[in-house]
Each structure stands twice: as structure tokens, then as C-alpha cells.
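Visitor: okay, predicted coordinates and the sequence, questions at the end:
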Amino acid sequence: MIVPIPNELATVLAILPELEQAYLVGGCVRDALLGVPVKDYDIEVFGVSCEQLAAALERHGRVDLVGHSFGVLKFTMHGGRTFDFSLPRHDSKIRSGHKGFRIVTNPAMTLADAAARRDFTINALMFDPRRNEVLDFFNGRRDLDERVLRHTSPAFAEDPLRVLRGMQLAARFDLQPAPETVALCRTIKGACGELAAERVREEWFKWASQSVRPSAGLRVLEATEWLEHFPEIDALRGTPQDPEWHPEGDVFTHTCHCLDALVQLPEWRAADSQSRIVYSLAVLGHDFGKPQTTQRVFREGRWRVVSPGHESVGGPVVEAFLARFRTPEAIRRRVEPLVTNHQAHLQTVTDRSVRRLARRLEPETIHGLSVVITADAFGRPPRPRETPPGLRALQEKAAQLELQESAPKPILKGRHLCALGVPQGKAMGSLLAAAFEAQLEGRFTDLEGARQWALDEIRRATDRDP
């Protein structure tokens, strides 16, 4: 079987006469041909109405009609697995905006016409489960073998989101865009403003969580001139770097190398989806502050390129970038401190500095920061990929203090102060805040030391009072 089909789905396809003209379509066929595990199955059914299809499927599970006019049904089998079924349809652009389409289902549509409405040739492949045969009307298999991203038909231009979809597909499957596809994308770059922020965000999230070569996606945006819609990234192009430390070229080139190095790290590959997104976005934006801070200075007998303070400048820039796409706060709060602190390993490593760094990173961690710093260090070819000595020292100290995965927690709590006779209120709050600062400074490391510190503070306060 070219496309592996789950047993429960194969049974339904075999026993229901309404599914005699059912075909697997889109990503599941593409992924199977690439040898990638198939997670989601989309089935397109010809020759029946939406009502007939729903009635047939309901005998074997629950059917949720996503939209009658769209001809899309979610079919949840008794075992709990869900599959998407759809009818062939015509999509026609009637006005601007991502909702400006007229969609009409047509059960009598030919297979070739149905495939033609899909965005790229590699997604226009169909699979006939009865004959175990791939149907390829637009040379999608050839493009897949040659790693080419090519639009299926001129109708591609009706939905500008397809350019960003191309961006993330290129990154996920290491594809190069066909020249004619690049040219077509350039003609619709003015339509980017039609896209809802959430749709843009979802394409970036797929790029950030699933890429095998993230730079391929950025190069698609560059080639199609869509990079101008992301000025924070566009500004990296042509921003120089000192060749002694960055022989690879400008900041955009460096960022591409860093991203490609990131997705090869075992820590990135083992991370959950949200953490992958966080690390990718942090590496993408780690040098967003350089265009504003880069300057040439004469130092040690030659002109050098420096970017003093770029990490602190970059924090607000990456925040603005993420906010434009309505990125959830849980992700934004993790990305910004990674950008702001990505040079922390260049500072002297002490117990105090590591405790305070872990606190600044929260809710992110020193482990996450280490992933970003490593990708930054590895993105400088032809320099060898070596872990910076400062990062090794930072990791060793964090392990010693047990702060790799979390920030310090206050040792002294309100209940401890109550036991010492401190009443609840503003004074207790101030004393707790001061205690945590003292803890970060290393004035005490355990509860007994914390109590003694508090007693000393209470005594000093009493001595000051008349």
C-alpha cells in the first residue's frame, strides 16, 4: 500500500457503496511518498451529495458538518479517531479578503478539475485506495522528487495566504520555489493586507514548529518580495557584521544559518510544539536590534563593526513583531526574555548572576536560553560549531544551583514571618520583597538562614524606631 490507511478507515472505505469514488488527497499522499508518518487523512468523495455522504458515515460514527456550502464533514469513528471528508468544489474569488470566495460543491466534477484547485502540485496528488494508485495530474511526484515548489494553476493568485503556505512548506520539506511561482507571488504581494492576523500567525507557527530547513522559508519570502511585509526581518538584510566573528555575511544570512542549526539540535527536536515555536521565534528575532545599533568603530588598529546593546533593543522589536500577529501571551512572554538575554553567557558567571538570570528569564528557563545561544554560536560558517566556553560555565553553574529548568522560588514565606510576630500588611509585603532580593544576592540559601536574616532586619527596624 503506497499510502498506509488505518484499518478502521480502510473498512469504511471498503463497505460503504457511497465511498466507491473516495480518494485520499493532499498532505497525506505527499507525506506518504516522502516517507513521513501520516497523521491526518483527508478524503474527497465524488458522485454523492453532502446529505448522502453524511447519512452513510453516520452509521459508523459521529458526523459534524463543518459547513454545508463547503461540503466538509468531520467524521469521528466509534473508536475515537477523526477523519475529514469533503466533496469536490469550485472556489471563485468574488471580492477581496480571505472570506471573499464563492464556494459551490459539485459531486460531478472530474478528478483533474478537483485537483486543479489545490495550491501546489505536491498537494494536488490523489490516491485511489481501491487500485493502490497515485493519481498525478500536475507532475507533483516529479516536483516532490526534485524538491520543487510549484503552483498548480493560475487560480493560486486568488488567495494570497498561499504565499505564506509556500513559505512554511518550503521550510518543512526543503523545497525551492519554481521561477514561475516566484513571479506569480510577486504579482499578488499587495494583497497581503487582506489576510487576517490569525491566518498569518498559523503559517508562521507551522514554520516555527515543523521546519527541517527554516532558511528555505525565509528565502521564499525574499525571492517573492514578501519579506517587505515583515520589516523586522527585512531590515536584517544588508546589516553588516564584523567578519572576524561573523564570516558568513550580513545579519540576515547569519539568522538563516542559526535557524538551520537550531532545528538540528536534539533539544529542539525533543521539545514540545510550543517550545519549538518559542525557540524558533527567539532565534529568528535574536538580532532584531542590530539594524538600529550597528556602527563602525576604529579599535585595536582596524575598523570593526559592533552592535552595542542590540539584545536589549531587540526585545521590544520582537515583541512588536509577535503582537502584530496576535501571538498568544504565553509564547510572547517566553520569546522576549530569550532575545534580551541571548548574550548572558558573555558575562562573568557567579551564583548571584545565574540566580538573577533565571529570574529575568521567567517563565522561560536557562535550558531554553542555552538552546538559543547554541544556535547563535553554530550559525557562523565556516567557523566550527563549538559550544561557547561561557555557555558551558553558565550551564554548569545552573546545574549546581538546580536552576536549569526553573527560576528561584522565595525561601521565606508569609507564614514564616507570622511565626516571627510580623503582622500581615504592607510591612510584611515589603519585608518579603527585600528577603527575596537578599536571597538572589546570596545572603542566605536555606530556611534557617532566611529566618535569621529576617530577625536581623526586624531588629534593625526596631532600633531605628524612636
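Guide: Now that the structure is in, tell me what you want to look at.
Visitor: residue contacts, the most centrally placed residue in the chain?
Guide: Nearest to the geometric centre of the chain sits residue 208, at 2.5 Å (C-alpha atoms, centre = their mean). Residues near residue 208 by C-beta atoms under 8 Å, 6 or more residues apart in numbering: 214, 276, 277, 280, 281, 284. In this view, the C-beta of every residue, glycine as well, is placed from N, C-alpha and C.
Visitor: which SS class is it?
Guide: Three-state assignment for residue 208 (DSSP: H, G, I helix; E, B strand; the rest coil): helix.
Visitor: show me what contacts the residue lying closest to it once chain neighbours are set aside?
Guide: Computed as C-beta to C-beta, 6 or more residues apart in numbering, the closest residue to residue 208 that is not its neighbour in sequence is residue 280, at 3.7 Å. The neighbours of residue 280, taking C-beta under 8 Å, 6+ apart as the test, are 207, 208, 209, 211, 214, 259, 262, 263, 268.
Visitor: roughly how far apart are the third one and residue 122?
Guide: Yep, that's residue 209 we're talking about. As judged by C-beta to C-beta, to the nearest Å, residue 209 and residue 122 stand 20 Å apart.
Visitor: more neighbours: which of the two?
Guide: Here residue 209 and residue 122 are set side by side on neighbour count (other C-beta atoms under 10 Å), and the busier one is residue 122, at 30 against 22.
Visitor: all strands in the stretch 301-450 of the chain, in order from the N-terminus.
Guide: Secondary structure of the stretch 301-450 of the chain (DSSP state E, counting those that start in this stretch): strands located at 302-306.
Visitor: now residue 183: which helix or strand?
Guide: For residue 183, the element it lies in under DSSP states H and E is helix 179-187.
Visitor: go through that helix and flag the buried ones.
Guide: 181, 182, 184, 185 (16 or more other C-beta atoms under 10 Å).
Visitor: please name every helix or strand in contact with that helix.
Guide: helix 161-173, helix 214-224 (3 or more C-beta pairs under 8 Å, 6 or more residues apart in numbering; DSSP states H and E).
Visitor: next secondary structure after the last one?
Guide: Tracing the chain past helix 214-224, the next element assigned as helix or strand by DSSP H and E is helix 231-234.
Visitor: what average pLDDT does that following helix get?
Guide: Helix 231-234 comes out with an average pLDDT of 98.
Visitor: which of the residues in that helix are buried?
Guide: Going by 16+ other C-beta under 10 Å, helix 231-234 has these buried residues: 232, 233, 234.
Visitor: which among these gets closest to residue 364?
Guide: residue 232 (20.1 Å; C-beta to C-beta).
Visitor: circling back to that earlier point, quick check: the gap between the residue nearest to the centre of the chain and residue 318.
Guide: With C-beta to C-beta as the criterion, residue 208 and residue 318 are 13 Å apart.
Visitor: same question for residue 447.
Guide: Going from residue 447 to residue 318 by C-beta to C-beta gives 39 Å.
Visitor: more crowded one of the two?
Guide: The neighbour comparison of residue 447 against residue 318 (other C-beta under 10 Å) goes to residue 318, with 24 against 12.
Visitor: that one reaches residue 334, doesn't it?
Guide: No - when contacts are counted by C-beta atoms under 8 Å, residue 318 is not listed as touching residue 334 (11.3 Å).
Visitor: shared neighbours of these two, anything?
Guide: Common contact partners of residue 318 and residue 334 (C-beta under 8 Å, 6+ apart): residue 282.
Visitor: neighbouring contacts of the lengthiest helix in the chain?
Guide: Looking across the chain with DSSP state H, the single longest helix is helix 447-464. Defining contact as C-beta under 8 Å, 6+ apart, one finds that helix 447-464 is touched by 411-412, 416-417, 420-422, 431, 434-435, 438-439, 443-444.
Visitor: for this structure, which spans come out with low pLDDT?
Guide: Along the chain, the model assigns pLDDT under 70 to residues 1, 67-70, 91-103, 464-466.
Visitor: redo that, cut-off 80
Guide: Across the chain, the ranges flagged by pLDDT under 80 are 1, 66-71, 90-104, 461-466.
Visitor: so what are the domain limits for it?
Guide: According to automatic domain parsing, the chain comprises the domains 1-151, 414-464.
Visitor: quick one: those domains as JSON lines, columns for distance to residue 312 too.
Guide: Output for these, formatted as JSON lines (distance: least, C-beta to C-beta, whole Å):
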{"stretch": "domain 1-151", "distance to residue 312": "37"}
{"stretch": "domain 414-464", "distance to residue 312": "20"}
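Visitor: deepest-packed of these, please.
Guide: Across the domains of the chain, averaging neighbours per residue (mean count of other C-beta atoms under 10 Å) puts domain 1-151 on top, at a mean of 17.
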